[in-house]
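S.K.: attaching a predicted model along with its sequence, questions to come.
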Amino acid sequence: MAGHSQFKNIMHKKGKQDAIRSKLFSKLAREITVAAKLGLPDPAMNARLRAAVLAARAENMPKDNIERAIKKASAADGENYDEVRYEGYASGGVAVIVEALTDNRNRTAGEVRSYFTKVGGALAETGAVSFMFDHVGLVEFPAKAASEEAMLEAAIEAGADDVQSDAETHQIYTSLESMRDVSQSLEAKFGEPTRATLVWKPQNTILLDDETGEKVLRLIGLLEDNDDVQNVYANYEISDALVARLEA
């Protein structure tokens, strides 16, 4: 998901910060409400809710907003959202998985399909590309939480499958079954993670030329900007030169 991370960094630098933050908070609140409605409204007893709250804290979402979103789950007039996954192909044969929470499946499906069509891609049937990804747990810590060696050693001891560290973060990947145990073990040593959730990790990535990379980034930008879309995963990488040009 290197390309996905690169895209988010570019958007945060180029976009209008207030508008981006408002939309992000809205999506985080929706996930919190859905998670609280599906389980207990206590993050300590509801793994999905805890993950949603961690994500909100990582983005500096105010505590009042988080609490309001949890309370909304028990409101009699609260909205009901369906969880939907879309799969398709972007330019260059890049596989894309889109996760959405929607109160209108027809609207969201039509919008997602139009984005793919607009940028030279195609929406496919569910299952068409997900076999190229592993559905795994991801526990993330800031780089300052520990050295690469210390994090790797602790992660292996906790039962993690893989660790990827860079200048900003430590990303610890686990099986679906072991994510909670690994997260708790690492939290006991390094403090609260910035993220602990399930993701689609590409088994392999495609390095794109700059022209194709721009098309793929445009598609992901359209998807990310949709109010119903929560997460986008894709199996691509873009060149450092393109990243530098887009950040300029």
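M.R.: Great, that's in hand. Because the structure is predicted, anything quoted here is derived from the model rather than measured. Residues are numbered from 1 along each chain as shown.
S.K.: quick one, longest strand in this protein?
M.R.: In the chain, taking DSSP state E as the definition, the longest strand is strand 133-142.
S.K.: who are the packing partners of it?
M.R.: strand 169-174, helix 179-190, strand 195-202 (3 or more C-beta pairs under 8 Å, 6 or more residues apart in numbering; DSSP states H and E). The way it works is simple: take the backbone N, C-alpha and C, and place the C-beta from them, glycine included.
S.K.: most tightly packed of these?
M.R.: Compared across the helices and strands packed on strand 133-142, strand 169-174 shows the largest average neighbour count, a mean of 23 (mean count of other C-beta atoms under 10 Å).
S.K.: between the longest strand of the chain and helix 179-190, how many degrees?
M.R.: 20 degrees (axes from the mean of the first three to the mean of the last three C-alpha atoms, to 10 degrees).
S.K.: gap between strand 133-142 and the chain center?
M.R.: 10 Å (C-alpha atoms, centre = their mean, to the nearest Å).
S.K.: what angle do the helix or strand that it is followed by and strand 169-174 make?
M.R.: Downstream of strand 133-142, the first helix or strand assigned by DSSP states H and E is helix 148-158. Inter-element angle recorded for helix 148-158 and strand 169-174: 20 degrees (by the same axes, to 10 degrees).
S.K.: for helix 148-158, which positions count as buried?
M.R.: Met151, Leu152, Ala154, Ala155, Ala158 (16 or more other C-beta atoms under 10 Å).
S.K.: kindly report the same for stretch 239-248.
M.R.: Buried, per 16+ other C-beta under 10 Å, within stretch 239-248: Leu242, Val243, Leu246.
S.K.: output it as PDB, nothing but the C-alphas.
M.R.: The C-alpha coordinates for stretch 239-248 follow below in PDB (Å, rounded to 0.1, in the frame of the first residue of the first chain):
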ATOM      1  CA  SER A 239       8.300   6.800  -8.800                       C
ATOM      2  CA  ASP A 240      10.000   9.200  -6.400                       C
ATOM      3  CA  ALA A 241      10.200  11.700  -9.300                       C
ATOM      4  CA  LEU A 242       6.400  11.700  -9.600                       C
ATOM      5  CA  VAL A 243       6.000  12.100  -5.800                       C
ATOM      6  CA  ALA A 244       8.400  15.000  -5.900                       C
ATOM      7  CA  ARG A 245       6.600  16.600  -8.800                       C
ATOM      8  CA  LEU A 246       3.100  16.300  -7.200                       C
ATOM      9  CA  GLU A 247       4.400  17.600  -3.900                       C
ATOM     10  CA  ALA A 248       6.000  20.700  -5.500                       C
END
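S.K.: right, I'll call it a day here.
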